[in-house]
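Visitor: need a structure here:
(one chain, ligands or ions: 2)
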Amino acid sequence: MDTQQLWQATLGELELLLSKANFTTWFKNTGVSSLREGKVIISVSNNFTKEWLEKKYHQTILKALRNVTNQEIKEIKYSVEPLPNQSPVKSELEPNLENRPTETEPTKKTAISNNQLAGEERKKNQKQLDNFNINTRYTFGNFIVGKNNELAHAAALAVSKSPGRTYNPLFIYGGVGLGKTHLLQAIGHKILIENNQEKKTLYVSCEKFTNDFISAIQNGQTKNFYQKYRLVDILLIDDIQFISRKEQTQEAFFHTFNDLHQHNKQVVISSDRPPKAIADLEHRLVSRFEWGMIADISTPDLETKIAIIESKAKEKNYSLTPEISNYLATVIRNNIRELEGALNKIIGYSQLKNRQLKLEEIKEIISSITINSQKKPLTIKLILNTVSEYFDIKIEDIISPCRKKNLAEARQTIMYLIREELKTSYPVIGQEIGGRDHTTVIHACDKISEKIKNNNKVRQDIEILKQKLHS
Ligand code: ADP
Ligand code: MG
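Guide: Numbers count the residues shown, from 1 in each chain. Ligands and ions are numbered 1, 2, ... in the order given. Predicted coordinates for the structure are as follows:
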């Protein structure tokens, strides 16, 4: 086996062990540049990937290599080497190898606080931020990194360090209230204020982009519209899923994207789902969104939630006992925005009473939030039961590998409803529904969305099922 065959076989192993997004992101441009006396040198195209492989995937790679060769593998080294088909110009565009930020940097190095800046500069900064819709509330410094968001965070940080040179575009997706806007804003803040770069870093919601475009058409000013967006150095566009079904806006975004990308201008996109799962998104846009890096944010675990709530409380000069932060993080499951809402409510009451609140009082105060969610304790199990009853099909059969038409339809309906109602990640849905691959789930969700549009029966089924779930 030569080194190339060895690496191909190893990649085959790795593909089975990793999610598709991680596999393509980290192993896309890798190879084995030498194998001698049990020492393997893996070539990667940039330092960011090198560090990530060293830190996160070393053991997995070692295991995969050992599985495919009978030679003893003693050591793996990673080296940054331009790919043979890369032109010299392109490799110059690789990220600055020495200065890449480490993951811990944002917590160690706090943003320059406003009062440290001279008055003039402060005014200039504020103007910059207003012009570009950047909100100082959201920075890397106050973003808590957990397992659920570490990839998105690291990628956002790398992008803010060398915009247009690391991953372009960067596509971040995840459910509501999990920090996508926060990361996009943090990129803008870091470039404009912390790094004080003269780069036009524009944050825009997809809605705003759409409205801008529509009024440009109405006023016959599309030229101005294109000019505005093409002049930016970094475009941060939030909630791109809302571009679904808006053909003309998609066209406008396509041209804007191409123009920026060709000039090595950074584009960062957020969405509540991966590109392929955005309904009615033109294929050419899907494929562009997949050019760079796709990073997901999932729901945080308990420790991360506690860290977030404590950091938010600290920002507001409010102190929480560990008992209370633990309680809040347990009660509020999935959405950090809700966690923050609960905290604000508590602070409000505490100020009214002019004292710290006891756990019992807190339980009462936030009961409205939890009562709301208790009224409909929507779970995967409930969805399974409801659909199984509705179609009169046994749950075992739905979960089984059997591909009979009626089973497949019920299964797809379940996957769709879990995704719609609970915003569960595709891999988790796949796991819950008989250990299926996340691509199967994405396919199922697309299929049902499509049918809802074209098939009255399916539309009614879904409507009735939703009513049942919420009654
Ligand atoms: P999204 O855009 O994904 O819906 P946001 O970025 O608006 O979510 O986040 C909702 C709230 O939760 C914001 O106030 C944000 O600061 C906070 N938040 C989310 N994730 C984190 C995190 N990892 N660390 C600190 N705050 C967070
Ligand atoms: Mg948002």
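
Visitor: what about the closest residue to ligand 1 within the stretch 101-250 of the chain, how many neighbours?
Guide: Per CB to the nearest ligand atom, the residue of the stretch 101-250 of the chain with the smallest distance to ligand 1 is Gly179, at 2.8 Å. The C-beta positions use only the backbone N, C-alpha and C, and glycine is treated the same way. Under the neighbour criterion other CB atoms under 10 Å, Gly179 is assigned a count of 25.

Visitor: could you list every residue that touches it?
Guide: If a contact means CB atoms under 8 Å, 6 or more residues apart in numbering, then Gly179 has Phe143, Asn149, Ala152, Ile297, Ile336 as its contacts.

Visitor: Which helix or strand contains the closest residue to Leu417 other than its chain neighbours?
Guide: Taking CB to CB, 6 or more residues apart in numbering as the measure, Leu417 lies nearest to Ile383, with 5.1 Å between them; neighbours along the chain are not counted. With elements taken from DSSP states H and E, the one containing Ile383 is helix 380-391.

Visitor: Which residues belonging to the next helix-or-strand element following that helix are considered buried?
Guide: Beyond helix 380-391 on the C-terminal side, the first helix or strand identified by DSSP H and E is helix 395-399. By neighbour count, with 16 or more other CB atoms under 10 Å as the criterion, the buried positions of helix 395-399 are Ile398, Ile399.

Visitor: what residues does helix 395-399 touch?
Guide: Among residues not part of helix 395-399, those counted as contacts by CB under 8 Å, 6+ apart are Leu384, Asn385, Val387, Ser388, Leu407, Ala410, Arg411, Ile414, Ile433, Gly434.

Visitor: and the gap between the residue nearest to Leu417 and His470?
Guide: 11 Å (CB to CB, to the nearest Å).

Visitor: And for Lys28?
Guide: Using CB to CB, one gets 43 Å for the distance from Lys28 to His470.

Visitor: for Lys265, same thing?
Guide: In this structure, Lys265 and His470 are separated by 44 Å, where distance is defined by CB to CB.

Visitor: cool, Ser298 as well?
Guide: Using CB to CB, Ser298 is found at 24 Å from His470.

Visitor: so where do the strands sit in this protein?
Guide: 31-36, 39-44, 75-80, 170-174, 201-205, 234-238, 266-271, 293-297 (DSSP state E).

Visitor: pLDDT wise, what is Lys190 at?
Guide: Here the pLDDT value assigned to Lys190 is 95.

Visitor: Chain neighbours aside, what residue packs nearest to it?
Guide: Distance criterion CB to CB, 6+ apart; nearest residue to Lys190, sequence neighbours excluded, is Ser160 at 4.1 Å.

Visitor: wait, that neighbour sits on Ile187?
Guide: Yes - taking CB atoms under 8 Å as the definition, Ser160 is a contact partner of Ile187 at 4.4 Å.

Visitor: interface residues of the stretch 1-150 of the chain facing ligand 1?
Guide: Counting by CB under 6 Å from any ligand atom, the residues of the stretch 1-150 of the chain close to ligand 1 are Tyr138, Asn142, Phe143, Ile144, Asn149.
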